[in-house]
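Visitor: kindly return the folded structure for what I paste below:
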Amino acid sequence: MKSPEAWEKDSISKHLVSMLAWSFRPFMSGFGKAGVPDIVACVPVVVTKEMVGMRVGLFVGVEVKRDGKLPTKLQESRIEEIKEAGGIAVWGTADRVIPHLKTLPWTPV
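Guide: Modelled structure (predicted):
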C-alpha cells in the first residue's frame, strides 16, 4: 500500500516526464548525503538570446511533503544550498510543486 507521500512523488515524477526531464528518486537507507531531496531532476531549457540555440539542463531538487508537513531544518539547508549553486529547489505536495515546475523556462526537444 502506498503512503500519501508516494502518491505525491508519483504525480510530480509524471509531470517531470512530460517536461522531458531526466530524474530519479534517491534511496538513501543510511548512505549518501543526508537531506538530499526526494526527487532530483535535470530539466532541459533553452537559454537567453545571447546564447542562441544552446540547450542546457536546469538542476531541480524536489522535497516532497504530505499536506500540512514542512521540510526539516536539514532539508531547508539543502534547498538553500541548491538555490545558492544556481539550481531550482522546491518543496511541498504535487499541488504546490507542479505549478512551480510549469513556470520553468523548459523547452521540449
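
Visitor: isn't R66 up against K2?
Guide: No. Counting by CB atoms under 8 Å, R66 does not reach K2; the two are 11.8 Å apart. (C-beta placed from N, C-alpha, C; glycine too.)

Visitor: more crowded one of these two?
Guide: R66 (13 against 9; other CB atoms under 10 Å).

Visitor: which element, helix or strand, includes that one?
Guide: Following DSSP states H and E, there is no helix or strand that holds R66.

Visitor: repeat that for L101.
Guide: Applying DSSP H and E, one finds L101 within helix 94-102.

Visitor: I'd like to know which elements the helix ranked longest in the chain is packed against.
Guide: Across the chain, the longest stretch assigned as helix under DSSP state H is helix 4-18. Judged by 3 or more CB pairs under 8 Å, 6 or more residues apart in numbering; DSSP states H and E, helix 4-18 is in contact with strand 22-24, strand 39-46, strand 55-64, helix 94-102.

Visitor: rerun that using 6 Å as the cut-off
Guide: On a contact count with 3 or more CB pairs under 6 Å, 6 or more residues apart in numbering; DSSP states H and E, helix 4-18 meets strand 55-64, helix 94-102.

Visitor: pull out the buried residues from the shortest one.
Guide: Same thing as helix 94-102. 94, 97-98, 101 (16 or more other CB atoms under 10 Å).

Visitor: and that helix with strand 39-46, angle?
Guide: Orientation of helix 94-102 against strand 39-46 (axes from the mean of the first three to the mean of the last three CA atoms, to 10 degrees) gives an angle of 30 degrees.

Visitor: separation between L101 and S29?
Guide: Noted for L101: a distance of 27 Å to S29, by CB to CB, to the nearest Å.

Visitor: returning to what we had before: what would the helices and strands packed on helix 4-18 look like in TSV with mean pLDDT and distance to R78?
Guide: Formatted as TSV, those follow (pLDDT from 0 to 100; distance: least, CB to CB, whole Å):
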stretch	mean pLDDT	distance to R78
strand 55-64	88	7
helix 94-102	92	16
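
Visitor: need those in JSON lines (columns: distance to S23).
Guide: Below are those laid out as JSON lines (distance: least, CB to CB, whole Å):
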{"stretch": "strand 55-64", "distance to S23": "8"}
{"stretch": "helix 94-102", "distance to S23": "11"}
